[in-house]
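Novice: Give me a 3D structure for the following:
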Amino acid sequence: MSARRETTAVESVDSLRRRVEELERWFKRQDRQIRFLERERQKLSALVNHTDAGCLVFGLDLSVLWLNNVCRDWFGSNAPLHSGGRLNCNELLCASPAICRDCPVARALATETVSHHELRLDLEAGRRHIYATAMPIRAPDNRVDECILMLQDITDLEVLRRSQEELLRAKGIAESANRAKSEFLANMSHEVRTPMTGILGMSSHLQDTPLSSEQRECLEIIQSSGESLLKIINDILDISRIEAGRLSIEPAPFDLAALVDDVVTLVADRAAEKGIELIVRYTPDVPQRFVGDAGRIRQALMNLVGNAIKFTHAGHILVHVERLDGEGASARLRLAVEDTGIGIPPEKLPSVFEKFTQADGSITRRYGGTGLGLTIAKQLVELMGGEISVTSTVGSGSTFEFTLTLPVDGLAPMPPSATKLENLRILAVHGHEKVRAVLAEQIAAWKAQAQGVGTGSAAMAALRAAQHAGEPFHVAILAPALPDLTPDALALAIRSEPSLGFTRLVLLAGLCQRPDAAGLRAAGFDACVTRPLRSAQLARVLGAVCSGRQADRHEVV
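Specialist: Predicted coordinates for the structure are as follows:
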């Protein structure tokens, strides 16, 4: 009996010890949880008290239960917040004895959903624009018993928004005024151009009358100044019509090859005066006829070519037309103007197509112009659905190019092929490599054979070698200037060798250097073609010369 009691006592002690150990472990777990919760509380307190947003907790009766430091700074003059007194939402936020109709706290508690509202608060720092977000808080029994209100100061954003709205209104007013200006100038285009055209017409008429040398010099100055002024007027009026939306594209069938020839012919004299070689490369795979607005294409190309002549003092200008895609009902074309002019610095390239802009302020003073030519070209090209670009190297020159997609004029008759030139052997004598390359390409398109040389001595050697091989050249095309011989001297040397008499001689001459038929014959030439060289005219002259038609042999094109 005694032993049983002792056993029971021991078991009771062991049980009590285990119970104590379990309690100790429980208290340790609780202590860890308390420390964890305290740490989380400190984090949350640091977060809500050091943010730039106000944070308040409201009870079901809309009284303030807690607020962070931001709100204490904002509402510092409200004594009940510091004395422990209760302050309702409406008294704190609205300074009103009644609950506001749009109160976000009341709405969040009533609907048990997040509520948003913008309000203005009269704080100690002044009147502020506040974005309020009210979030309902649920008790453990899932009952909404509190609400957290977050207040974000968006006053600066509101000021910025109003500034942007004012800027947009000002921008709209400025654009409206600019459109009105452009519309006015577009409407005035005829009235502005007509008097200037009349002045130039009368000035030109006066030049045909008897004048003293002093009067003629004055009249030439008037004519030159008037033409420059008319160019400026035309540029300004054109850009105004584009901005006013008064410029439309009028597609019609046209001959692109003839258009390019017209452009280079119009500027040939200016290029010749500066000693610039003006070259046209119209690749053989490009059709001649398309459907598009020929006037706008001519204007864009003319602006680019004129710009190239203005900024080029020596070398060449190459007008290049090529097809970028394959065969089809329409063609994507590249029209490029390459020059050896002054070039454009890399940092200035992005602005060359902007209105009233030159690459350098000194450019305007030295070269003149309105700075509108490239802008007009760009807007015309984009109006036709194309793209324009530029590449340039300072001191080496620039290449301006634009691409257009145009329908091929399928209803136009095919141009006559140069079948009479097939298998002809033609020698191109020219000091400029690009000219020789263009000539060789065009001659090859006629299924003729071409060889190019750059000097008179090389031409004589090539003619003698071909004669010795039993395949003499049918035609030799001679440039107006060679590094070692004049064209007359070269022609005389060729004619002085009876074995070379089979070869016909064609002279390339400038528009202002065209000799008459008698002068050509006396110098030993069979025909003359004026520069810039045009494919159709060269084919016609070569065909006439090689067919032996004496009447056309001395054709001056």
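Novice: from here on, contacts and neighbour counts on C-alpha atoms
Specialist: Fine.
Novice: excluding its backbone neighbours, what's nearest V453?
Specialist: V429 (5.1 Å; Cα to Cα, 6 or more residues apart in numbering).
Novice: Would you check that the one you found makes contact with A479?
Specialist: Yes: with contact defined as Cα atoms under 8 Å, V429 and A479 form a contacting pair (6.0 Å).
Novice: Which of those two has more residues huddled nearby?
Specialist: Using other Cα atoms under 10 Å as the criterion, V429 and A479 rank with V429 on top: 28 against 23.
Novice: Report the residue ranges of every domain in this protein.
Specialist: In terms of domains, the chain is parsed into 1-50, 54-153, 159-243, 252-407, 419-553 (source: automatic domain parsing).
Novice: and those domains as a markdown table, adding mean pLDDT?
Specialist: Shown next, in a markdown table, are the domains of the chain (pLDDT from 0 to 100):
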| stretch | mean pLDDT |
| --- | --- |
| domain 1-50 | 74 |
| domain 54-153 | 80 |
| domain 159-243 | 78 |
| domain 252-407 | 87 |
| domain 419-553 | 85 |
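Novice: hmm, back to that, what residues are shared contacts of V429 and A479?
Specialist: Common contacts of V429 and A479 (Cα atoms under 8 Å, 6 or more residues apart in numbering): none found.
Novice: Is G328 part of a helix or strand, or is it coil?
Specialist: coil (DSSP: H, G, I helix; E, B strand; the rest coil).
Novice: actually L538, not the one I wrote
Specialist: L538 - assigned by three-state DSSP - is helix.
Novice: Just list whatever residues bridge to the residue nearest to V453.
Specialist: Beta-bridge partners recorded for V429 (DSSP bridges): V453, L478.
Novice: That one and P487: what is the separation?
Specialist: As defined by Cα to Cα, to the nearest Å, V429 lies at a distance of 10 Å from P487.
Novice: shared neighbours, those two?
Specialist: Common contacts of V429 and P487 (Cα under 8 Å, 6+ apart): L478, A479.
Novice: now the helices for the stretch 1-150 of the chain?
Specialist: 2-49, 69-74, 79-83, 89, 104-111 (DSSP state H, counting those that start in this stretch).
Novice: Likewise for the stretch 201-350 of the chain?
Specialist: Under DSSP H, counting those that start in this stretch, the stretch 201-350 of the chain gives helices at 213-243, 256-273, 294-310.
Novice: Out of the ones you listed, which one sits most buried?
Specialist: Comparing the helices of the stretch 201-350 of the chain by mean neighbour count (mean count of other Cα atoms under 10 Å), helix 294-310 comes out on top with a mean of 20.
Novice: can you give me the offset of it from its chain's centre?
Specialist: 17 Å (Cα atoms, centre = their mean, to the nearest Å).
Novice: neighbouring contacts of that helix?
Specialist: By Cα under 8 Å, 6+ apart, helix 294-310 touches 249, 251-252, 254, 256, 259-260, 263-264, 267, 270-271, 317, 319, 335, 337-339, 341, 367, 373-374, 376-378, 380-381, 400.
Novice: among these, which ones are buried?
Specialist: 251, 254, 256, 259-260, 263-264, 267, 271, 317, 319, 335, 337-339, 341, 373-374, 376-378, 380-381, 400 (16 or more other Cα atoms under 10 Å).
Novice: mind putting the helices of the stretch 201-350 of the chain in CSV, distance to I154 included?
Specialist: Listed next are the helices of the stretch 201-350 of the chain as CSV, based on distance: least, Cα to Cα, whole Å:
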stretch, distance to I154
helix 213-243, 40
helix 256-273, 62
helix 294-310, 52
